[in-house]
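Participant: Give me coordinates for this.
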Amino acid sequence: MECSDCHIQVADLLAFSRFVRDNPAAFTPAPRRAAAPAGFFIRMWTWHPGLVAAAAALLLVTVPFGALRYIAGVQHDRYDLDLPRLDMLKSADLQSDQFQSGVQAFEQKQYEQALRHFTGYLKHEPDNFDANFFSGLCYLELSKQGMGGVTVNLDRDRARLGIARLEKARAIAGTMQEKTGNTRYQADAVYYLGKAYNLIGDFGQARQLFQQYLAMDEPLLGHRDEVRALLRNLPN
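Facilitator: The predicted structure follows:
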């Protein structure tokens, strides 16, 4: 699970299998012709090694496809952040065009653009929970490098910047909780921090955060079952 080369090969196979599935005509046998001379296949390898390699790859795809689907599922559990909806912002600045532009870009999954807006806003309002929280998620999404719909590599520098923003959001949430008694700010920050540390492979820190999340005195935590499953599957 930590081998980037292996992830790239898996992603290639998954992408190829999707291509086969979506383009069946490309793999339909041609009309039967007269038998080829014995030397044809040797020349075939000499002239078109790519075609032979593609046929071999097709065999590889059909045999272990169940295993590939399993690996893709494991990848999804680790790398998918299950991003929150933005219809319940906790500290929305309705007076700031820059903040609102960040929200709009985030909703459209334009994370690079959203990050620029939130970062510009934070220069003037560094203690806004949502701007820190969602810019942290932007960094994490941008850190994921995929192929064939599967994350195969991670820009750890960007991921660390995302974690730093989420840590700031958690600190702000603690202050907000003291003032309002509302644990939802803290719960969201802790949940996504756990996911972030899981993303970069810091499983010890992820475990602590997931345990903290489950221990919270908040009846409306929406990710309890998921967090329990993640805890069970974390490497020791």
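Participant: give the contact list for N132.
Facilitator: 122, 165-166, 168-169, 172 (CB atoms under 8 Å, 6 or more residues apart in numbering). No exception for glycine: its C-beta is placed from N, CA and C like everyone else's.
Participant: mind checking pLDDT for it?
Facilitator: On pLDDT, N132 comes in at 95.
Participant: which stretch of helix or strand covers it?
Facilitator: In the assignment (DSSP states H and E), N132 maps to helix 129-143.
Participant: And Q145, by the same measure?
Facilitator: strand 144-147.
Participant: same question, K109
Facilitator: K109 belongs to no helix or strand when assigned by DSSP H and E.
Participant: Check the one 3 residues further on too.
Facilitator: Remark: E112 resides in helix 111-122, with elements defined by DSSP H and E.
Participant: tell me the mean pLDDT over that helix?
Facilitator: Across helix 111-122, pLDDT averages out at 95.
Participant: Other residues contacting it?
Facilitator: Residues outside helix 111-122 that contact it (CB under 8 Å, 6+ apart): 93, 96, 98-99, 101-103, 105-106, 128, 131-132, 134-135, 137-139, 141-142.
Participant: Of all the residues in it, which ones are buried?
Facilitator: Across helix 111-122, burial judged by 16 or more other CB atoms under 10 Å covers 111, 113-119, 121-122.
Participant: Ok, stretch 178-197 next?
Facilitator: Within stretch 178-197, the residues scored as buried using 16+ other CB under 10 Å are 183-197.
Participant: In contact with the nearest residue to R228 once chain neighbours are set aside, which residues are there?
Facilitator: The shortest distance from R228 to any non-neighbouring residue, by CB to CB, 6 or more residues apart in numbering, is to L214 (7.0 Å). Contacts of L214 were listed using CB under 8 Å, 6+ apart, and they are 221, 224, 227-228, 231.
Participant: L230 now?
Facilitator: By CB under 8 Å, 6+ apart, the residues touching L230 are 77, 194, 198, 206, 210.
Participant: same check, this time on D217
Facilitator: D217 makes contacts with T183, as judged by CB under 8 Å, 6+ apart.
Participant: Is it in a helix, a strand, or coil?
Facilitator: Here D217 is recorded as coil under DSSP: H, G, I helix; E, B strand; the rest coil.
Participant: any idea how far A187 is from it?
Facilitator: Between D217 and A187 the computed distance is 10 Å (CB to CB, to the nearest Å).
Participant: And L231, by the same measure?
Facilitator: The gap separating L231 from A187 is 16 Å, by CB to CB.
Participant: for Q98, same thing?
Facilitator: In this view, Q98 and A187 are 27 Å apart by CB to CB.
Participant: right, and Q100 touches L94 too?
Facilitator: Yes. At 7.3 Å, Q100 and L94 qualify as touching, with contact defined as CB atoms under 8 Å.
Participant: Name the residue in these two with the higher neighbour count.
Facilitator: With neighbours defined as other CB atoms under 10 Å, Q100 and L94 compare such that Q100 has more, 15 against 7.
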